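Asks: no letters, just coordinates:
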């Protein structure tokens, strides 16, 4: 990867000033952003602790404010209830819906700083926890406000569109069950996410076709991307279509991202932008790739490095400033080639007034033309 580290074009202020912060959270919303999506005047972000998404509105000066929380427990029946951790790691907007995906990952406790009792430390490292709400894959309708053009409201039902998600139980979700016996992925389903276990960290939607990027597992340096198709089931339910061999309800794509896992996805025409970073809890590197003609794959795929386009490297800090979410930034009169990046564990210099945080805007070049003969 010989691309230079990107220089941001500018920063954008995101103001989360609100009296409706969730009281059970360990950190404020702004301190732990995991994903982002945008349309019209709206910017949608998520914090990986909450069963909620956050909406901000673009202001006249280009900043985002007017923070409102959409509690997913009001739109869906969640196995752990509205207060259970969902670990939202992917958002996308398509077809009048906001799509949401949880990480599906297991967690393991770690010793507390300054903990000197080896028995207590070992006990923490022994405990692996399952969080049913993390198995969320679903969507809810967005409706433009009649009084405020460009402002999108979340709702349970709008005309023929209605909120729906894959079925979840206390023991897991539909997708996890479908993958349990997979020859490549199955053995990682019981491994915590930050240990190269199964961990979804990105969604890109086109119609009812979903690409799900995995932070882990990374197999001998090859990152994993799942493709599924959904259909409307009974009331409030989505179902997985059979799209693979022998009735499999998913396709697998393996990509040579230089040993990195997938941290976020965004469509770029027929191509897929892939934000790649370490699968383990490390600082970097962070690289943006483009997979040309991803939508044309249509079958399980192994994508070598020469079929991927390295776009740029993103800066990262030591223990802070981890790029977690990307989306195309709508703007008045813009050319649509500005990419917004939000950061987990933001550096102190990004924080303002105790309520606001700064995201970065990168300008990408013109979209490459489709290569002759590309798949």
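Replies: Received, thanks. Owing to the predicted nature of the structure, the values given are computational and were not obtained by experimental measurement.

Asks: contact partners for residue 322?
Replies: The contact partners of residue 322, by CB atoms under 8 Å, 6 or more residues apart in numbering, come to 277, 283, 286, 316, 343, 344, 345. (Glycine included, C-beta is placed from N, CA and C.)

Asks: pLDDT weak spots in the stretch 1-150 of the chain?
Replies: Low-confidence segments of the stretch 1-150 of the chain (pLDDT under 70): 1-4, 18-29, 31.

Asks: go again using 50 as the cut-off
Replies: With pLDDT under 50 as the threshold, the stretch 1-150 of the chain has low-confidence stretches at 20, 22-24.

Asks: for residue 325, give me its contacts.
Replies: 33, 34, 35, 36, 45, 91, 264, 275, 341, 342.

Asks: of the contacts of residue 322, which is the nearest to residue 62?
Replies: Closest approach between those and residue 62, by CB to CB: residue 343, at 18.4 Å.

Asks: would the closest one count as being in a strand?
Replies: Yes. Residue 343 sits within a strand when classified using DSSP: H, G, I helix; E, B strand; the rest coil.

Asks: not counting sequence-adjacent ones, nearest residue to it?
Replies: residue 321 (5.2 Å; CB to CB, 6 or more residues apart in numbering).

Asks: sorry, back to before: farthest-apart pair in the contacts of residue 325, please.
Replies: 45 and 275 (14.9 Å).

Asks: out of these two, which sits in the busier spot?
Replies: The residue with more neighbours, out of residue 45 and residue 275, is residue 45; 29 against 25, by other CB atoms under 10 Å.

Asks: what about the nearest residue to residue 66 once chain neighbours are set aside, how many neighbours?
Replies: Closest residue to residue 66 apart from its sequence neighbours, by CB to CB, 6+ apart: residue 57 at 4.0 Å. Using other CB under 10 Å, the number of residues around residue 57 comes to 18.

Asks: can you check residue 278 too?
Replies: Residue 278 has 20 neighbours, counted by other CB under 10 Å.

Asks: angles on the backbone of it, please.
Replies: phi -60, psi 140 (degrees, to the nearest 10).

Asks: how much space separates it from residue 215?
Replies: Counting by CB to CB, to the nearest Å, the gap between residue 278 and residue 215 amounts to 9 Å.

Asks: go on, residue 229?
Replies: 22 Å.

Asks: quick one, what contacts residue 33?
Replies: Here residue 33 is in contact with 45, 46, 47, 324, 325, 342, 343, 344, 346, 357 (criterion: CB under 8 Å, 6+ apart).

Asks: of the residues you listed, closest to residue 298?
Replies: Among the contacts of residue 33, residue 325 lies closest to residue 298 (CB to CB), at 27.6 Å.

Asks: where does pLDDT dip in the stretch 251-375 of the chain?
Replies: Residue ranges of the stretch 251-375 of the chain with pLDDT under 50: 372-375.

Asks: check which helix or strand the closest residue to residue 163 other than its chain neighbours maps to.
Replies: Closest residue to residue 163 apart from its sequence neighbours, by CB to CB, 6+ apart: residue 140 at 4.0 Å. Assessed by DSSP states H and E, residue 140 sits inside strand 137-144.

Asks: who does residue 225 form a beta bridge with?
Replies: residue 213, residue 253 (DSSP bridges).

Asks: centroid residue for this protein?
Replies: With distances taken as CA atoms, centre = their mean, the chain has residue 90 as the residue nearest its mean C-alpha position (2.1 Å).

Asks: so how far is residue 128 from the residue in the chain sticking out farthest from the centre?
Replies: Distance from the C-alpha centroid of the chain, by CA atoms, centre = their mean, peaks at residue 117 (36.9 Å). Taking CB to CB as the measure, residue 117 falls 20 Å from residue 128.

Asks: swap in residue 174?
Replies: Distance, residue 174 to residue 128, by CB to CB: 22 Å.

Asks: need the helices for the chain, in chain order.
Replies: 118-126, 174-179 (DSSP state H).

Asks: out of these, which gets nearest to residue 361?
Replies: helix 174-179 (33.3 Å).

Asks: for the record, mean pLDDT for that closest one?
Replies: Here helix 174-179 scores 96 as its mean pLDDT.

Asks: export the helices of the chain to JSON lines and append columns for distance to residue 269 and mean neighbour count.
Replies: Listed next are the helices of the chain as JSON lines, based on distance: least, CB to CB, whole Å; neighbours: other CB atoms under 10 Å:
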{"stretch": "helix 118-126", "distance to residue 269": "45", "mean neighbour count": "11"}
{"stretch": "helix 174-179", "distance to residue 269": "27", "mean neighbour count": "20"}
